[in-house]
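> Take this sequence and fold it.
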Amino acid sequence: MKRLALNIEELRQRARRALPRFAFSYLEGGADDEQTLRDNRRVFARWRFIPPVLNDASERDLSVTLCGQKLAAPLLIAPTGYNGMLRYGADAMLARTARDAGIGYIQSTVSTAPIEDIADEHLPQHWFQLYVLKDRTVTTGLLERAKAAGCTTLVVSVDAVHFGNREKDKRHYRRPMKLSLPSLFDIALHPAWVWRTIRPAGVPGFGNLTPYIPADKQRGAGGASYFAAQMDTRLSWETLTWIRSQWSGPMLIKGILAPDDATRAFAAGIDGIVLSNHGGRQLDGSVSAMEVLPEIRHRCGPDATILIDSGFRRGTDVVKALALGANGVLLGRPMLYGVAADGEAGAKQALALILQEVDRTLAQLGCTSIARLGPHLLRPQS
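Numbers count the residues shown, from 1 in each chain. Okay, the predicted model is just below:
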């Protein structure tokens, strides 16, 4: 019987062994020299806990309310694309993991499963992440489908208008959309991956975009290349105003790092923001979201809804972000490591590890609820 992983890093190592190199590079890779990717992890060491003692924290409540919705913990599964390359049915596995744990699930525009299939999982907190494409009819169609599927909240990504230079991915291709011979040979050395990922339905595609992508570009790298060419490179604040007119529910902007952008978003009537550098996959050399979190919280005030992602691997990371002013944390790669390593059971184990660590950290800090966290529990390091 396989021993349960003790932490996310163990799940990461299992995912590395389970996936062909090209797929693991897609999951792991960052932009250019991957400086931002590395800094996203290093940044958490810049704050140390100051744990008070003799506080009764024998009972703890992790629940929060975000965008008017009650969550069992201040966590959401982040929107991640093309998860079908990790395992067949990965999107549904992640959705059920979120549903069963009582946290939020944010479905990506470029998920392998269509919105309607995820809606069949009956998620109370089904959010939809939107990439804005050049063709407004496609964007309108996606929004209408999200409404019909019962999605409660819209998250508009604004930091991937121009795709980052992901060299780690490119090394596995002999030319665009064509894997190199060493990569093909490596796939042959992973028959279990082929069996559980490719055999059930062939090379995965982009389920949400199937109605809009030409038939010869529906699957694999062809779909990714076509999608990248369709991104609206003229995305602006005026575009967000138009999207706001098309969506009546809560709407958040994902990809904010500049404090001025944060204040402008709330002034424009946006319901919340997600501080993010896209997991280090866009502009290399960007600041970590954690570095700007305290200033943005100060400038936007105590009532602003501020979520955060990029680099989270431990429950202590989550608690540090909450103490510095975040209302919630989006989990991306940790959940993908789990689903790549062991399917739905792996995804649930990844989330359970993070939840246990958050709960244990609250206990050690003498906090009975998330609301009791604050910067007084941290000391910045030089």
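> Buried residues in the host helix or strand of A347, which are they?
Taking DSSP states H and E as the definition, A347 sits inside helix 333-364. The neighbour-count check on helix 333-364 (16 or more other Cβ atoms under 10 Å) flags 333-344, 346-351, 353-355, 357-359, 361-363 as buried. No exception for glycine: its C-beta is placed from N, CA and C like everyone else's.
> I'd guess A228 is in a strand, am I close?
No. Counting by DSSP: H, G, I helix; E, B strand; the rest coil, A228 falls outside a strand, being helix.
> surely it meets F163?
Yes. The criterion here is Cβ atoms under 8 Å, and A228 meets it with F163 at 5.4 Å.
> one step back: could you say what helices and strands the helix holding A347 packs with?
If contacts are counted by 3 or more Cβ pairs under 8 Å, 6 or more residues apart in numbering; DSSP states H and E, helix 333-364 sits against helix 8-18, helix 21-28, strand 75-77, helix 90-101, helix 315-323, strand 328-331.
> average pLDDT across that helix?
Mean pLDDT, computed over helix 333-364, is 98.
> Let's have the helices and strands packed on helix 333-364 in TSV, adding mean neighbour count and distance to Q69.
Formatted as TSV, the helices and strands packed on helix 333-364 follow (neighbours: other Cβ atoms under 10 Å; distance: least, Cβ to Cβ, whole Å):
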stretch	mean neighbour count	distance to Q69
helix 8-18	19	26
helix 21-28	20	29
strand 75-77	26	10
helix 90-101	23	12
helix 315-323	24	17
strand 328-331	25	11
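> Compare the ones you listed and give me the one nearest T368.
When the helices and strands packed on helix 333-364 are compared by Cβ to Cβ, helix 315-323 sits nearest T368, at 13.6 Å.
> so what's the spatially most central residue of the chain up against?
Nearest to the mean C-alpha position of the chain, by Cα atoms, centre = their mean, lies A78 at 2.5 Å. Shown in contact with A78 (Cβ atoms under 8 Å, 6 or more residues apart in numbering): I106, D309, L330, L331, G332, M335.
> what would those look like in JSON lines with distance to K254?
Output for those, formatted as JSON lines (distance: Cβ to Cβ, whole Å):
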{"residue": "I106", "distance to K254": "9"}
{"residue": "D309", "distance to K254": "8"}
{"residue": "L330", "distance to K254": "8"}
{"residue": "L331", "distance to K254": "14"}
{"residue": "G332", "distance to K254": "11"}
{"residue": "M335", "distance to K254": "17"}
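> Identify, from the residues you listed, the entry nearest to K168.
Taking Cβ to Cβ as the measure, K168 sits nearest to G332 out of the contacts of A78, at 16.5 Å.
> how about that closest one, what does it touch?
I77, A78, T80, G279, D309.
> Could you work out the most separated pair of these?
Across the contacts of G332 (Cβ to Cβ), the longest gap, 13.7 Å, separates I77 and G279.
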